[in-house]
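Visitor: Sequence and predicted model, in that order:
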Amino acid sequence: MTKIKLQSLSGMRDILPKEQVYFKKVQKSVESISNYYSFERIDTPIMESAEVFIKGTGGATDIVEKEMYTFKTKGGELLALRPEFTAGIVRSYIEHGMFTLPQPVKLWSIGPLFRHERPQAGRYRQLHQFNFEVLGDKNPSIDGQVIQMCYDVLKDLGFKNISIEVNSIGDKECRPHFKKILTNYFRSRKSSLCSDCLRRLRENPLRILDCKEEKCQNVKAGAPQIIDHLCEQCHIHCKQLLEFLDELELPYTLNPYLVRGFDYYTKTVFEIVEKSEIGASQGSLVGGGRYDDLVKLLGGRDTPACGAAGGIDRIVNLMKEREAKNPLDIVKKQNEPKIFLAQLGQLAKRKSLKLFEEFRVAKVPVAESFSKDSLRTQLGVADKMKIKWVLIFGQKEALEDFITLRDMETGVQKEIKLDKVVKEMKSKLK
C-alpha cells in the first residue's frame, strides 16, 4: 500500500505559533483604532449564498469568474466561501434592518477569506484581511475618515514610507459616457492587449486599467482619464475629499488610472502602498472606496457607503522582513514572561497552581513547566527562555509558606514569604 504524505493544500498554510505574534499585533492595532472611531465588530459567515457575491462584486470580475470557491448543496443551492467582506456585511445590514439604527452604521471585521488564485509569495488561497465599513452617509468626510484609519493602522504597525493613491471613478451618471470613450480607445489598440483585457473590453473596459500584465502597461498609460469626465456631483465629491486629506496632512497622490477589482465601487477609490528605498511601490497593503449603489443592488434601501480592506498576510510578511533587516526593530511578544515558576514535589505542584493563578489575576506573565519534576530540567527551560527571575517552590517551601527567588544572571538567591511574592515580583519588574 502506498504511503500518503499528508500536508496542507496548495495555497493554504498553517500559521505557526511564532507567526501568531504578528497577526495578534495587527488585530490589536485594528481593534484599538476601530474602538477609537466608534466602529463595532461584526462577524459574517464564512459561507454565503453565491448570489451575494455574484450580484455584489459583479459577474464579470476576476473574483467571480475565476477565483470564487463555489459548490452546490444536496438541495441544489449554490454556495460560496466568502472572497471578500463587503457584500456579506451589506447583506447583514439589510437582513437585520440596520437602516433603522442611527446612521451612519460603522462596522469592522477581521478574519479569513478564500480565493482560488495562483499561489505565490505573499498570496494565499486562504487569506486574511481586516475591514472597515461605514453605511448610511454620503459625505466625503467619511471617505477621509476611512482612509485616515487605514493609514493609522499601518503607522501603528511601524510602516514609515507609505503613500495613499486616490482616484474617482464616477457614478452611474457619468461613468457610462466615460466607458464609451474608454472602449473606443482600447478597441483601436486591441492588438496590444492581453487575452484577459480583450475579454474585459467586452464586459467592463474600466477593469483594463487594473491589469498588471506588462503587455498592457503602455496602452494603459495613454488611456483617457476619468477625472476629466466626471459629472458635477462626482467632481465636487472628489475635490472635497482631497481637501479633507490636505487638512489631515496625509501623503497622497492623485492616480487617474486607479480602479478597484469590484464593480460596486462609485466615486472614491484608493489604495495605500509602501514605497521601497528607491521609491518603487511594494504593492497595495490596503484598498477601498465608496459603494453608494451596493445596498440597493442587494435588495435594500438607497444607502451611500464607504469601506476598505487590508491584506494581513502581506502586512505580516513585510513586518517580518523589516525585523530580519533590522534586529533592533523587533515585534515584542505579547505577555512575554520575565518570571519562571519551578516546583518540586506534589504538595508544591498543588500550591503552585494557586500561586500561578494569583499571578494571572495580577496580570504578571509567568512561565512554568508543571510536567517536569527535575529542578535542573526546569532551570534549563528557564535559561533557554532567557528568563532572569526563577521562583523555586519545593517541599520545604510549601510546608513553611515561603518561596526561593533566584537571579539567573548572578546566581544570588533569597527567600520571600508566599503571601508577599506577587507584590514583590511586580515591583522588581517595574
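Guide: Happy to help now that I have it. Numbering: from 1, shown residues only.
Visitor: For the stretch 101-250 of the chain, just list every one of the strands.
Guide: 105-114, 126-135, 162-168 (DSSP state E, counting those that start in this stretch).
Visitor: Identify, out of these, the most deeply packed stretch.
Guide: Among the strands of the stretch 101-250 of the chain, strand 126-135 has the highest mean neighbour count (mean count of other Cβ atoms under 10 Å), at a mean of 23. Placement of C-beta: from N, CA and C, glycine included.
Visitor: who does that strand pair up with?
Guide: Applying DSSP bridges, strand 126-135 is found paired with strand 105-114 (antiparallel), strand 305-311 (antiparallel).
Visitor: Regarding residue 284, what is its secondary structure?
Guide: Of the three states, residue 284 takes strand under DSSP: H, G, I helix; E, B strand; the rest coil.
Visitor: hang on, isn't it packed against residue 271?
Guide: Yes: the criterion here is Cβ atoms under 8 Å, and residue 284 meets it with residue 271 at 4.4 Å.
Visitor: wait, what's in contact with residue 13?
Guide: 124, 126 (Cβ atoms under 8 Å, 6 or more residues apart in numbering).
Visitor: Next one: it, what pLDDT does it get?
Guide: Looking at residue 13, its pLDDT is 90.
Visitor: List the contacts of the residue nearest to residue 187 when sequence neighbours are not counted.
Guide: Nearest residue to residue 187, sequence neighbours excluded (Cβ to Cβ, 6 or more residues apart in numbering): residue 201, at 6.9 Å. Residue 201 is in contact with 183, 186, 187, 190, 193, 208, counting by Cβ under 8 Å, 6+ apart.
Visitor: and those as JSON lines, adding neighbour count, distance to residue 99 and pLDDT?
Guide: Below are those laid out as JSON lines (neighbours: other Cβ atoms under 10 Å; distance: Cβ to Cβ, whole Å; pLDDT from 0 to 100):
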{"residue": "183", "neighbour count": "16", "distance to residue 99": "36", "pLDDT": "89"}
{"residue": "186", "neighbour count": "22", "distance to residue 99": "39", "pLDDT": "88"}
{"residue": "187", "neighbour count": "11", "distance to residue 99": "42", "pLDDT": "88"}
{"residue": "190", "neighbour count": "11", "distance to residue 99": "45", "pLDDT": "84"}
{"residue": "193", "neighbour count": "21", "distance to residue 99": "42", "pLDDT": "87"}
{"residue": "208", "neighbour count": "26", "distance to residue 99": "36", "pLDDT": "86"}
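Visitor: Kindly indicate which of those lies nearest residue 146.
Guide: Closest approach between the contacts of residue 201 and residue 146, by Cβ to Cβ: residue 208, at 26.4 Å.
Visitor: Helices of the stretch 51-200 of the chain, start to end?
Guide: 62, 86-95, 140-156, 175-187, 195-203 (DSSP state H, counting those that start in this stretch).
Visitor: Quick check: longest helix in this structure by residues?
Guide: Counting residues, the longest helix in the chain under DSSP state H turns out to be helix 17-36.
Visitor: List of residues touching that one?
Guide: The contact list for helix 17-36, computed with Cβ under 8 Å, 6+ apart, reads 15, 40-41, 108, 110, 128, 130, 132, 149, 152-153, 156-157, 310, 312, 315-316, 319-320, 331, 333-334.
Visitor: For that helix, which residues meet the burial criterion?
Guide: Residues 22, 23, 25, 26, 29, 30, 33, 34 are the ones in helix 17-36 that count as buried (16 or more other Cβ atoms under 10 Å).
Visitor: Closest one of the residues you listed to residue 383?
Guide: Taking Cβ to Cβ as the measure, residue 383 lies nearest residue 22 of the buried residues of helix 17-36, at 26.2 Å.
Visitor: and the helices of the stretch 51-200 of the chain as a markdown table, adding distance to residue 429?
Guide: Shown next, in a markdown table, are the helices of the stretch 51-200 of the chain (distance: least, Cβ to Cβ, whole Å):
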| stretch | distance to residue 429 |
| --- | --- |
| helix 62 | 52 |
| helix 86-95 | 42 |
| helix 140-156 | 25 |
| helix 175-187 | 60 |
| helix 195-203 | 58 |
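Visitor: Out of the buried residues of helix 17-36, which two sit at the greatest distance?
Guide: Checked with Cβ to Cβ, the buried residues of helix 17-36 reach their widest spread between 22 and 34, with 18.7 Å between them.
Visitor: Pretty sure residue 291 sits against residue 308.
Guide: No: using Cβ under 8 Å, residue 291 is not in contact with residue 308; the gap is 10.8 Å.
Visitor: And residue 156, how close does it get to residue 321?
Guide: For residue 156, the distance to residue 321 (Cβ to Cβ, to the nearest Å) stands at 18 Å.
Visitor: Name the residue in those two with the higher neighbour count.
Guide: When residue 156 and residue 321 are compared for neighbours, residue 156 comes out ahead with 15 against 11, by other Cβ atoms under 10 Å.
Visitor: Contact partners for that one?
Guide: 29, 32, 33.
Visitor: Try it again at 6 Å.
Guide: residue 29 (Cβ atoms under 6 Å, 6 or more residues apart in numbering).
Visitor: Pick the one among the buried residues of helix 17-36 closest to residue 266.
Guide: Once Cβ to Cβ is applied, the member of the buried residues of helix 17-36 that ends up nearest residue 266 is residue 34, at 24.0 Å.
Visitor: how close does residue 407 get to residue 366?
Guide: Distance from residue 407 to residue 366, by Cβ to Cβ: 16 Å.
Visitor: same deal with residue 393?
Guide: Taking Cβ to Cβ as the measure, residue 393 falls 12 Å from residue 366.
Visitor: same thing with residue 424?
Guide: 13 Å.
Visitor: Please identify which of the two sits among more neighbours.
Guide: Counted by other Cβ under 10 Å, residue 424 and residue 366 do not tie: residue 366 has more neighbours, with 22 against 14.
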